[in-house]
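Student: Predicted coordinates and the sequence they were generated for:
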Amino acid sequence: MYTNQRINALGNRKYLAFSLVFLPFVFWLSWYTYSGNSWTPSLPFSCRFQYAIEKREEIPEERKYVDHFRKDGSYLDHLLEIRLPRMNYSQPETMNPPRRDILVMTPWFAPIVWDGTFNIDILNQQFKQRNVRIGLTVFAIKKYVVFIQLFLETAEKFFMVGHKVNYYIMTDRPKDVPNVTLAEGRKVVVLEIQSYARWQDVSMRRMEMISLFAKEQFIQEVDFLVCVDVDMRFSDHVGVEILSDIFGTLHPAFYRGQRQQFTYERRPASQAYIAYIEGDFYYAGGFFGGTVDEVYKLTNQCHNAIMTDKANSIEALWHDESHLNKYFLNHKPTKILSPEYLWDNSMGVPEVLRKRRFVAVPKNHVQIRN
Ligand SMILES: CC(=O)N[C@H]1[C@@H](OP(=O)(O)OP(=O)(O)OC[C@H]2O[C@@H](n3ccc(=O)[nH]c3=O)[C@H](O)[C@@H]2O)O[C@H](CO)[C@H](O)[C@@H]1O
Ligand SMILES: [Mn+2]
C-alpha cells in the first residue's frame, strides 16, 4: 500500500518538474550564503559580522578581518594578533609586590590603578596595535567655557599621548570654544547642546547627553569614552592604563573611608538609594568611562533613574554622582582609578599619592554657577 503510493508520487510529473527547479535553487542559495561573494547573507549566523562591517568601516586594512572571513569562511582564523616586540623591563616578582601600602585589586578582580602598579610601555604596545580610538567628553555650559583652554592645553601634554583622541566638547556657547593646537590624530568636536538654569540640572543632564551622542555618533567614531569634569587640569600622565570595559574613580575625599560615612543617597524613595550596610567605594562623578557600549548602558540607566526621581519629586543628594554610585554597586566596574586621577589640592598631598594626574582648578562656586 505505502510502496504503491511512493511509486505513484515519484512518477508524478508535476512533482518531478518542481524538484528540478527547486533543488538547484537550494544549491545556489547555499553556495552564495557560504562564499558570500556577491550577495550579503541575511541569515542569523551572519548578523554579528554584518554588525562588525558597519561598525568597523573606517578601520585600517589590517583590521578588516571581516572581509577575510567572507572570503575564507573562518572568523577565528582572522582574529587580530597583538604581538609585543622584544622589550627590556624589570621582571614582575610574585613574592615582592610593587606596592604594599594600598589595595591594588578588588574582590571581584578589578585592578585599582596606582602609580607603580603598571608598565605603560607594555600597555601602549597593546593598545597601539589595537589602533584604539578614545573619545574624551567634557561639558562647558554657560560660564564654564572659561575652563576649556587650560583643560585642552594640559590634555595635549598628558592625556593619551601618542593615541587617537576626539575631544567632544558639549556646550551652549560654541563660539566661545578656544582654538588650541592639537597633535596629529587628535581633534576637537564641538557639539551644541541646550543649557539648564540650575547647575544641578546641567550636571545631571550630562548622563542624558552622553547616552544620546553615544548612540548617534560616538559608537561610530571611537572605541572608548572617558567622561570628565571641565573644571580640571591634567598635571601628569593619564594614558591607556585607565581603559577597561567600564571604570570609575575613587573620590579623593572618601578613599580611606568606611561605607557608613560615604555620602551615598540614603532615602529609600530615591532610585540612588544605598543602605548603610552596602557599598564598596565612593566613586567621583567627575571621572568615569569604558567602551562606548558600556558607557551607553551606564549613562542611559543613570538618566532614567534621574528622570524617575524627578517624577517622584526627589533629587539625589549628590545628583549624577549619587546615581553613578548606585550603578556601580550593581554593576561592578572592571577597573578603578586611584585618586591620583582625580585630586583636589585643597586636600593636601598624602604620602600614598605619588602622582597627581588630574587636578581640580579652584573656582568660586557662587560666581561661576550663576
Ligand atoms: C570632581 C567631581 O567628582 N565632580 C562632581 C561633583 O561636583 P563639582 O563641584 O565638581 O561640580 P561642577 O561645578 O564641576 O559641575 C559638574 C560639571 O558640570 C558642568 N557644568 C556645571 C555647571 C555649569 O553651569 N556649567 C557646566 O558646564 C561642568 O562640566 C562641570 O565640571 O559633584 C557633581 C554633582 O553634584 C558632579 O557629579 C561632578 O562630576
Ligand atoms: Mn567639577
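Tutor: It's in. None of these values were measured; they are calculated from a predicted model. Numbers count the residues shown, from 1 in each chain. Ligands and ions are numbered 1, 2, ... in the order given.
Student: what residues are up against Asn166?
Tutor: Residues near Asn166 by Cβ atoms under 8 Å, 6 or more residues apart in numbering: 133-136, 186-189, 221-222. For glycine as for every other residue, the C-beta is placed from the backbone atoms N, C-alpha and C.
Student: Reduced to three states, what does Val188 come out as?
Tutor: Of the three states, Val188 takes strand under DSSP: H, G, I helix; E, B strand; the rest coil.
Student: Please report how far the nearest residue to it once chain neighbours are set aside lies from Ile134.
Tutor: Counting by Cβ to Cβ, 6 or more residues apart in numbering, Val188 lies nearest to Tyr167, which is 4.7 Å off, once chain neighbours are set aside. When Cβ to Cβ, to the nearest Å is applied, the distance between Tyr167 and Ile134 equals 10 Å.
Student: Return the alpha-carbon coordinates of the helix or strand harbouring the residue nearest to Val188 using PDB.
Tutor: When secondary structure is defined by DSSP states H and E, Tyr167 falls within strand 164-171. Listed next in PDB are the C-alpha coordinates belonging to strand 164-171 (Å, rounded to 0.1, in the frame of the first residue of the first chain):
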ATOM      1  CA  LYS A 164      43.900  58.800  18.700                       C
ATOM      2  CA  VAL A 165      41.800  61.200  20.600                       C
ATOM      3  CA  ASN A 166      38.500  63.000  19.900                       C
ATOM      4  CA  TYR A 167      37.700  65.800  22.300                       C
ATOM      5  CA  TYR A 168      33.900  66.000  22.400                       C
ATOM      6  CA  ILE A 169      33.100  69.500  23.800                       C
ATOM      7  CA  MET A 170      29.400  69.900  24.600                       C
ATOM      8  CA  THR A 171      28.400  73.500  25.100                       C
END
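Student: Give me the below-cutoff pLDDT ranges for the protein.
Tutor: Screening the chain residue by residue with the criterion pLDDT under 70, one finds the ranges 1-19, 28-72.
Student: Next up, phi/psi of the residue in the stretch 101-250 of the chain positioned nearest to ligand 2, please.
Tutor: Taking Cβ to the ion, ligand 2 has its nearest neighbour within the stretch 101-250 of the chain at Asp229, 3.6 Å off. Main-chain torsions, Asp229, degrees, to the nearest 10: phi -70, psi 160.
Student: Please identify the pairing partners of the strand holding Tyr167 and their relative orientation?
Tutor: When sheet partners are counted by DSSP bridges, strand 164-171 sits next to strand 133-140 (parallel), strand 186-192 (parallel).
Student: do you know which of those strands lies nearest Leu79?
Tutor: Closest to Leu79 of those, according to Cβ to Cβ: strand 133-140, at 19.2 Å.
Student: Dump that closest one to PDB, restricted to CA.
Tutor: Listed next in PDB are the C-alpha coordinates belonging to strand 133-140 (Å, rounded to 0.1, in the frame of the first residue of the first chain):
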ATOM      1  CA  ARG A 133      40.400  55.500  19.400                       C
ATOM      2  CA  ILE A 134      39.400  57.400  22.500                       C
ATOM      3  CA  GLY A 135      36.700  60.000  23.000                       C
ATOM      4  CA  LEU A 136      37.000  62.500  25.900                       C
ATOM      5  CA  THR A 137      33.600  64.000  26.700                       C
ATOM      6  CA  VAL A 138      33.500  67.300  28.500                       C
ATOM      7  CA  PHE A 139      30.700  69.800  29.200                       C
ATOM      8  CA  ALA A 140      31.200  73.500  29.300                       C
END
